[in-house]
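Q: I'll drop the sequence and a predicted model, then ask my questions.
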Amino acid sequence: MSTSNQKERTRFAPSPTGMPHIGSIWIALLQWLHVKSTRGELIVRIEDTDRNRFVPESEKAIFEALNWYGITHDEGPDIGGAFGPYRQSERLAIYKPYIEELKEKGTLYPCFCTAERLQEMREGQQRDKKPTGYDRYCRSLPLAEAKKKMNTEPYVLRLKMPTEGESTFADKIRGEISFSNALIDDQVLVKSDGWPTYHLAVVIDDHLMEITTVIRGEEWISSTPKHLALYKAFDWQPPVFAHVPLILGTDRSKLSKRHGDLSALSFRDRGFLPEAMINFLALLGWHPKGEKEMLTRQQISEEFRLEDVHAAGAIFNEEKLRWMNGQYIKALPPQRFIQLALPFVLQSMVAKGNREMVLPVSGKKISNGLLEKSLLAVQNRLQQLDETGAAITTYLEPKDDYAGELLIAKKSTAVNTIETLKMLEEYMQTIAESDYTEEMLEKILRQFITDKKLGVGETLWPLRVALSGEAVSPSPFSLASVVGKQETINRITLASQKLSSQHE
RNA sequence: GGCCCCAUCGUCUAAUGGUUAGGACGUCAGGUUUUCAUCCUGGAAAUAGGGGUUCGAUUCCCCUUGGGGCUACCA
């Protein structure tokens, strides 16, 4: 298969029927990558011919999602272009003459069958285990009779599919695919309200917008012969088709509501980074040459080839995405991390009813310094940004309602622990304020332990519990460096008193 | 039911006639760490089954099985 260096035009054609889905974004990404690799153009076209399913806010959400994921386009309803309008609902006047052309060519025929008759027909076909599809009842109606009825009865316009031969096309991803024409339905192309269906609009638009490659989900494979019949009827050159697989849920079925919230924007709201999303999504159904998987969007687009995309559907596995997101969070420059994480912290506080940004127990206002230090301390512990709020609580306001016994390290005693805490309390006083960094504290305290011939665990465990109040927490060095000298000493004093009062 | 697509570790995938079938996530076991997380090392883990073609099949062909999609005046 030849890889052309010719500029490609492809389109992202979502229907505004709800919140954009991660599966749609995946396809948009493939389209974007393909266009980038050929220095071509990506067109966004809104496919809104079905007025019944139209959801007004969804178009806005589509662009919001594309923007967040950094999938840029060259033409669309938001930015215009030479081939507009880019909403099918605004193109009715454009479709009209083409519908007339097809009528004249005899490619269309009116059908007066009622919904009831069609339903009965289908049930009968199912019952007799015959192929389902329109039985072409109206196709053989005499022309005169049809014309007369068109004035008095509602009707649709159907495609007069050839009843013999094969429809074959070379799919860019799957190779040759062919269908027996006789089995293909006489698709409705114009609804009784005069609007074209998707099948007609898509062919006219792709032709008029000079689309060179149609990249779409594999659910469209079986309607491709209908589209091909239309290209032939118009005597137009069809585009190249590339049917990409569906992204699957954990049960291997098409992604849907029951697989959880997989709307494109929900990943933003849960604290995934767009760069991690793009990296992860690109690895679904495509693979770089080497073994390196952590790749920038730039690196991916340089290596990407449409024909290398898999034919098999991939399961969307969030575990790996979370891991990858964690890697990207870790790699963030500190100030950038703070900037990104802060909104999530505020959000989680507000969610808990804490609008004043104060510490819940003491009621003290959280200082910016403490907040920033805490954030940086947890940066490499996170897989999603929305975990930040929970992760920093130990730093912001350690628990003091813990049981004194928790301070006692394994194989140690209350008496020893009290003694250790007292030594620590005294020693921490001597450490300069400027040495209260994680690295320095670790160095200094380890030296202290060695010098005093103390046990590492017997010293660090009670220190850590004193600073966190919890059995599981970040290291004492991290904790002490964030809360600072005075608070560290206070916590040790409190711990020592707590244990002493219980063991007098 | 009919038509079409698909098939390598649990998951994402590499290897397109000759490899001890490789990597990543996850998992398990060690190590680092007082704990958790991180990090490091190691292990277990796959060519769905059956026929061909071939000196030789993960790789090419056929059948079976399994999974998926479509089967609307939705896209």
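A: Arrived safely. Numbers count the residues shown, from 1 in each chain, chains lettered A, B, ... in the order given.
Q: Check the offset of the least confident helix or strand in chain A by mean pLDDT from the chain's centre.
A: Lowest mean confidence among the helices and strands of chain A (mean pLDDT, DSSP states H and E): helix A:115-127, at a mean of 88. For helix A:115-127, the distance from its own C-alpha centre to the chain's C-alpha centre is 40 Å (Cα atoms, centre = their mean, to the nearest Å).
Q: now do stretch A:289-305
A: So, by Cα atoms, centre = their mean, the centroid of stretch A:289-305 is 19 Å from its chain's centroid.
Q: average pLDDT across it?
A: In this model, stretch A:289-305 has a mean pLDDT of 93.
Q: Span of that stretch from start to end?
A: Stretch A:289-305 has an end-to-end distance of 11 Å (Cα to Cα, to the nearest Å).
Q: Okay, strands next: where are they in the stretch 151-300 of chain A?
A: Here the stretch 151-300 of chain A has its strands, by DSSP state E, counting those that start in this stretch, at A:156-159, A:166-171, A:175-180, A:188-190, A:213-217, A:240-244, A:247-248.
Q: Pipe these into JSON lines and attach distance to RNA strand B and mean neighbour count per row.
A: Just so you know, the C-beta spots here come from the backbone N, C-alpha and C atoms, and that holds for glycine as well. Below are those laid out as JSON lines (distance: least, Cβ to the nearest atom of the strand, whole Å; neighbours: other Cβ atoms under 10 Å):
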{"stretch": "strand A:156-159", "distance to RNA strand B": "5", "mean neighbour count": "22"}
{"stretch": "strand A:166-171", "distance to RNA strand B": "8", "mean neighbour count": "15"}
{"stretch": "strand A:175-180", "distance to RNA strand B": "4", "mean neighbour count": "12"}
{"stretch": "strand A:188-190", "distance to RNA strand B": "3", "mean neighbour count": "21"}
{"stretch": "strand A:213-217", "distance to RNA strand B": "8", "mean neighbour count": "22"}
{"stretch": "strand A:240-244", "distance to RNA strand B": "7", "mean neighbour count": "21"}
{"stretch": "strand A:247-248", "distance to RNA strand B": "6", "mean neighbour count": "22"}
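Q: and the ones you listed, which one's lowest on average pLDDT?
A: strand A:247-248 (a mean of 90).
Q: Next, the buried residues of the least confident helix or strand of chain A.
A: Within helix A:115-127, the residues scored as buried using 16 or more other Cβ atoms under 10 Å are A:M121.
Q: Contacts (any at all) between RNA strand B and it?
A: Yes: Helix A:115-127 lies within reach of RNA strand B by Cβ under 7 Å from any atom of the strand, at A:115, A:118, A:122, A:125-126.
Q: Need the nearest residue in space to A:Y98, chain neighbours excluded.
A: A:I204 (5.3 Å; Cβ to Cβ, 6 or more residues apart in numbering).
Q: hang on, A:H287 packs against A:D308?
A: Yes: when contacts are counted by Cβ atoms under 8 Å, A:H287 is listed as touching A:D308 (7.5 Å).
Q: got the residues of the stretch 101-250 of chain A near RNA strand B?
A: A:114-115, A:118, A:122, A:125-126, A:129-134, A:154, A:156, A:174-175, A:177-180, A:183, A:185, A:188, A:191-193, A:197-199, A:218-223, A:245-246, A:248.
Q: Which parts of the stretch 1-150 of chain A are strands?
A: Using DSSP E, counting those that start in this stretch, strands in the stretch 1-150 of chain A cover A:9-12, A:41-44, A:108-111.
Q: What helices and strands are in contact with the first one?
A: With contacts defined as 3 or more Cβ pairs under 8 Å, 6 or more residues apart in numbering; DSSP states H and E, the packing partners of strand A:9-12 are helix A:22-37, strand A:41-44, strand A:213-217.
Q: Alpha carbons of the shortest one, in CSV - could you do that?
A: To tie it back to what came earlier, the one meant is strand A:41-44. C-alpha atoms of strand A:41-44 as CSV (Å, rounded to 0.1, in the frame of the first residue of the first chain):
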residue,chain,number,x,y,z
GLU,A,41,-6.6,19.8,6.5
LEU,A,42,-9.2,18.7,9.1
ILE,A,43,-12.7,19.8,8.6
VAL,A,44,-15.3,19.7,11.4
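Q: Check which residues of stretch A:190-202 are buried.
A: Buried residues in stretch A:190-202, defined by neighbour count with 16+ other Cβ under 10 Å: A:190-191, A:195-202.
Q: Keeping just the C-alphas, turn it into CSV.
A: Only the C-alpha atoms of stretch A:190-202 are listed here, as CSV (Å, rounded to 0.1, in the frame of the first residue of the first chain):
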residue,chain,number,x,y,z
VAL,A,190,-35.1,11.9,1.7
LYS,A,191,-37.4,11.8,4.7
SER,A,192,-41.1,12.7,4.4
ASP,A,193,-40.3,16.1,5.8
GLY,A,194,-38.0,16.8,2.8
TRP,A,195,-34.8,16.5,4.8
PRO,A,196,-32.0,14.2,3.5
THR,A,197,-30.9,11.4,5.7
TYR,A,198,-27.3,11.0,6.7
HIS,A,199,-26.5,8.8,3.8
LEU,A,200,-27.4,11.4,1.2
ALA,A,201,-26.0,14.4,3.0
VAL,A,202,-22.7,12.7,3.8
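Q: for it, the distance to its chain's centre please.
A: Distance, centroid of stretch A:190-202 to centroid of chain: 31 Å (Cα atoms, centre = their mean).
Q: Same question for stretch A:409-429.
A: 50 Å.
Q: per-residue confidence averaged over that stretch?
A: The pLDDT scores in stretch A:409-429 average 90.
Q: and that stretch with RNA strand B, contact?
A: Yes: applying Cβ under 7 Å from any atom of the strand, one finds stretch A:409-429 touching RNA strand B at A:409-410.
Q: Pull the number of nearby residues for A:R381.
A: 15 (other Cβ atoms under 10 Å).
Q: For the buried residues of stretch A:190-202, give me JSON lines that also has distance to A:I22.
A: Shown next, in JSON lines, are the buried residues of stretch A:190-202 (distance: Cβ to Cβ, whole Å):
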{"residue": "A:V190", "distance to A:I22": "33"}
{"residue": "A:K191", "distance to A:I22": "31"}
{"residue": "A:W195", "distance to A:I22": "29"}
{"residue": "A:P196", "distance to A:I22": "29"}
{"residue": "A:T197", "distance to A:I22": "27"}
{"residue": "A:Y198", "distance to A:I22": "22"}
{"residue": "A:H199", "distance to A:I22": "26"}
{"residue": "A:L200", "distance to A:I22": "29"}
{"residue": "A:A201", "distance to A:I22": "26"}
{"residue": "A:V202", "distance to A:I22": "23"}
